[in-house]
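Student: Provided below for reference: sequence and predicted model.
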Number of protein chains: 2
Amino acid sequence: MPELTLQDARVKIDALDDQIQRLISARARVAQEVARIKQRQGDTGDHYRPSREAEVLRRAMARNSGADGGPLTDEVIARLMREIMSACLSLESPLTVAYLGPEGTYTQAAALKHFGDSVTVRPLGAVDEIFRDVESGAADYGVVPVENSIGGVVTHTLDALVHTKLRICGEVMLPVHHHLLSRETSLASVGTVYAHPQSFAQTRKWLDARMGKAEREVVSSNGEAARIASEKGGAAIAGLPAARLYGLNILASNIEDDPGNTTRFLIIGKQDPSATGEDVTSLVATAHRNQPGALFTLLKPLADAQIDMTRIESRPVRGSPVPDFYFFIDFGGHASDAKSRAVLDQVRANAAFFKILGSYPKAVI
Amino acid sequence: MPELTLQDARVKIDALDDQIQRLISARARVAQEVARIKQRQGDTGDHYRPSREAEVLRRAMARNSGADGGPLTDEVIARLMREIMSACLSLESPLTVAYLGPEGTYTQAAALKHFGDSVTVRPLGAVDEIFRDVESGAADYGVVPVENSIGGVVTHTLDALVHTKLRICGEVMLPVHHHLLSRETSLASVGTVYAHPQSFAQTRKWLDARMGKAEREVVSSNGEAARIASEKGGAAIAGLPAARLYGLNILASNIEDDPGNTTRFLIIGKQDPSATGEDVTSLVATAHRNQPGALFTLLKPLADAQIDMTRIESRPVRGSPVPDFYFFIDFGGHASDAKSRAVLDQVRANAAFFKILGSYPKAVI
């Protein structure tokens, strides 16, 4: 860029803002037109399309690393484009999204990341309330945590997925950072550390090395840990939202053992997103119990077709007289493509219980 | 717009998104260039300019109601443009903003409305902590509530303004809606209503008419009211953030007696914003005590110059042996314009104590 003066730069920015806003308004008008087309076609449901949104964001990411890319990070670009989409979509049909509250939790952050700010949110107290809320229509979509890269799966969510009529229609990946929060100003003053069991699991090495002598007390959530530390003293392991919420000092930042620590959330709803070319299919199945190598038989069709299995988790079947397990399987592909369909048919044929939980776009960022 | 198909509409939106993102990236590059220019000029402070930001948003509002305006509301357009500005500014210099916490409060909403999402926030427990944080440099700016259109002034803020070296460098107006929140599902089941005294003041008529028999119990904040209602039963008067935070039902919406109910917040910092043509000047003065008609003498220069006085509040001077008052006066104009300067000189000449608290852009929306 040639030598600019501050005045030149401001004139340039004003001109850019003019154009940006004109285009955002034009986009909003097209969104209204889309709503009218759908109305004429008798399509009066919600107008959120997970596949379409994923495609729009993937384009944005591709542009940001391409020739026209700019200095803003992919995260910031995704957030800005998401907010513009969210504002335009709310002109078509305002969405209600239920998530695992209270505010300040990672699930709230995931809901905002996925749906933007122009939605009505319903923070609820438990995972099964979120399923009920979406089933009853009180919310259009729900956001539930399902898996953490160190601490493992969120069992309530898996259990609810087995029995619900809802579909998984999206996933959100959220990088998670843990901090040690306290009213104290030094590590040495901390006698007890409060945390959710998963947070302890994710910071074990750091705690052993730096806080080996402190008591560890398990509590029900990160937010609860922070509240206790703010009232009773000691320290909590939690994220920045909790530090803000309770005005605690950050004694140590990013204490997670694995810096690539992410939490995965699922979007649950009533629709089946169409294929985008980068999709995930989730299923749950049980093997026939009285067959030796039953799990092997169940998985063989996936292996044979060289399908990329991204996750397998087992959960005991409650109330079963003999040990029996639900297997939760994720693989890359969409239930509507020929290869996946053939494999799903074979898995179904070998299973005692079989259910497709959803085919949905892979998380964009 | 001519008859479009959904496919046409999507192609159009993709093309618009391409252009929007290219322009946002271009804007970010100019912001980086601005940072480099300032660095060469030895200007290494924060690069937030309240006057410039107000001008940018005023242009955005004018565009939205002009020929190129679109279907998005002024509020939504202001939020989107604010977020784009905020993201670009954070490339120049990341800002830290202290505000009156906890999360879910109106002051947090005011901070986000004014600074956007790309800032580091510090929620603090008391107004004077925010002043200290900005004075010490721990935060670049502070956001404090100062006035509510029904419930009156926030006295801690006025008291702190008298003694601080900081300047007022902006104001934020936030429409405030009160709701009746409860675990119960009907008004009839509510025996006690919890609220901050200002919230009671703002909903008195509604409460008298609809909840005449319920006990009213004063608590320290709206958030505290909601927490109590979520734990002990009864109902709280609070905003949507608190309903979300504690997962309470909304038994009645917008119960404020005056639907134009707004809260005013001040941005405090170390800079003196330049004039924008639509500015407010705030001052505090005491009259000479032993003169009859002292307040009249103090205000006369403003009246004579036909200056638009938008606010006057009095606060007792603590520790004074005889009754004495600080008068907080706001008027339309900037301390640097000739007319205001002349008037300020006259007020100063008549005052026992005189201090300009700041000249800053009038709130845009």
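Tutor: Sure thing, it's come through.

Student: Phi, psi for A:L299 please.
Tutor: phi -90, psi -20 (degrees, to the nearest 10).

Student: Which strand runs longest in chain A?
Tutor: strand A:351-361 (DSSP state E).

Student: by contact count, what packs against that strand?
Tutor: helix A:50-65, strand A:167-175, strand A:279-287, helix A:338-350 (3 or more Cβ pairs under 8 Å, 6 or more residues apart in numbering or on different chains; DSSP states H and E). Any C-beta I mention is one placed from the backbone N, CA and C, and that applies to glycine too.

Student: For A:L298, see how far away A:G332 is.
Tutor: As defined by Cβ to Cβ, to the nearest Å, A:G332 lies at a distance of 18 Å from A:L298.

Student: Looking at these two, which one has more neighbours?
Tutor: A:L298 (23 against 14; other Cβ atoms under 10 Å in any protein chain shown).

Student: what helix or strand is that one on?
Tutor: helix A:294-304 (DSSP states H and E).

Student: State the mean pLDDT of that helix.
Tutor: Averaging pLDDT along helix A:294-304 gives 81.

Student: can you check stretch A:241-252 too?
Tutor: Rounded mean pLDDT across stretch A:241-252 is 80.

Student: now the closest residue to A:M61 other than its chain neighbours: how far from chain B?
Tutor: The spatial neighbour of A:M61 that comes closest, neighbours along the chain excluded (Cβ to Cβ, 6 or more residues apart in numbering or on different chains), is A:D74 at 5.5 Å. From A:D74 across to chain B, the span is 12 Å (Cβ to the nearest Cβ, to the nearest Å).

Student: How about A:A209?
Tutor: For A:A209 relative to chain B (Cβ to the nearest Cβ), the value is 28 Å.

Student: ok, that residue - contacts?
Tutor: When contacts are counted by Cβ atoms under 8 Å, 6 or more residues apart in numbering or on different chains, A:A209 touches no other residue.

Student: how far out from the middle of the chain is the host helix or strand of it?
Tutor: For A:A209, the host element (DSSP H and E) is helix A:204-210. In terms of Cα atoms, centre = their mean, to the nearest Å, the centre of helix A:204-210 is set 28 Å apart from its chain centre.

Student: Can you list the buried residues in that helix?
Tutor: For helix A:204-210, the buried set under the neighbour-count rule, 16 or more other Cβ atoms under 10 Å in any protein chain shown, comprises A:206-207.

Student: Equivalent analysis for stretch A:314-323, please.
Tutor: In stretch A:314-323, counting by 16+ other Cβ under 10 Å, buried: A:315, A:317.

Student: Just the CA trace of it, in PDB.
Tutor: Only the C-alpha atoms of stretch A:314-323 are listed here, as PDB (Å, rounded to 0.1, in the frame of the first residue of the first chain):
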ATOM      1  CA  SER A 314     -19.700 -47.500  24.200                       C
ATOM      2  CA  ARG A 315     -22.300 -47.000  26.900                       C
ATOM      3  CA  PRO A 316     -23.900 -49.700  29.000                       C
ATOM      4  CA  VAL A 317     -27.500 -50.500  28.200                       C
ATOM      5  CA  ARG A 318     -29.400 -49.700  31.400                       C
ATOM      6  CA  GLY A 319     -31.700 -52.400  32.700                       C
ATOM      7  CA  SER A 320     -30.100 -55.100  30.600                       C
ATOM      8  CA  PRO A 321     -29.900 -58.500  32.500                       C
ATOM      9  CA  VAL A 322     -26.500 -59.300  30.900                       C
ATOM     10  CA  PRO A 323     -23.700 -56.800  30.000                       C
END
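
Student: How about residues contacting it?
Tutor: Here stretch A:314-323 has contacts from A:153, A:155, A:158-159, A:286, A:289, A:324-328, using Cβ under 8 Å, 6+ apart.

Student: in terms of contact, does A:I329 touch A:M309 like I think?
Tutor: Yes. Using Cβ atoms under 8 Å, A:I329 and A:M309 qualify as a contacting pair, with a distance of 6.4 Å.

Student: Out of the two, name the residue with the larger neighbour count.
Tutor: A:I329 (20 against 12).

Student: can you give me the angle the helix or strand hosting that one makes with strand A:351-361?
Tutor: According to DSSP H and E, A:I329 maps onto strand A:325-332. Counting by axes from the mean of the first three to the mean of the last three Cα atoms, to 10 degrees, strand A:325-332 lies at 30 degrees to strand A:351-361.

Student: So which bits of strand A:325-332 are buried?
Tutor: A:325-331.

Student: would you turn the residues you listed into CSV with distance to B:E135?
Tutor: As requested, those are exported to CSV (distance: Cβ to Cβ, whole Å):
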residue, distance to B:E135
A:F325, 61
A:Y326, 59
A:F327, 60
A:F328, 55
A:I329, 58
A:D330, 53
A:F331, 58
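
Student: can you tell me which of those lies nearest to A:A60?
Tutor: The closest of the buried residues of strand A:325-332 to A:A60 turns out to be A:D330 (Cβ to Cβ; 25.0 Å).
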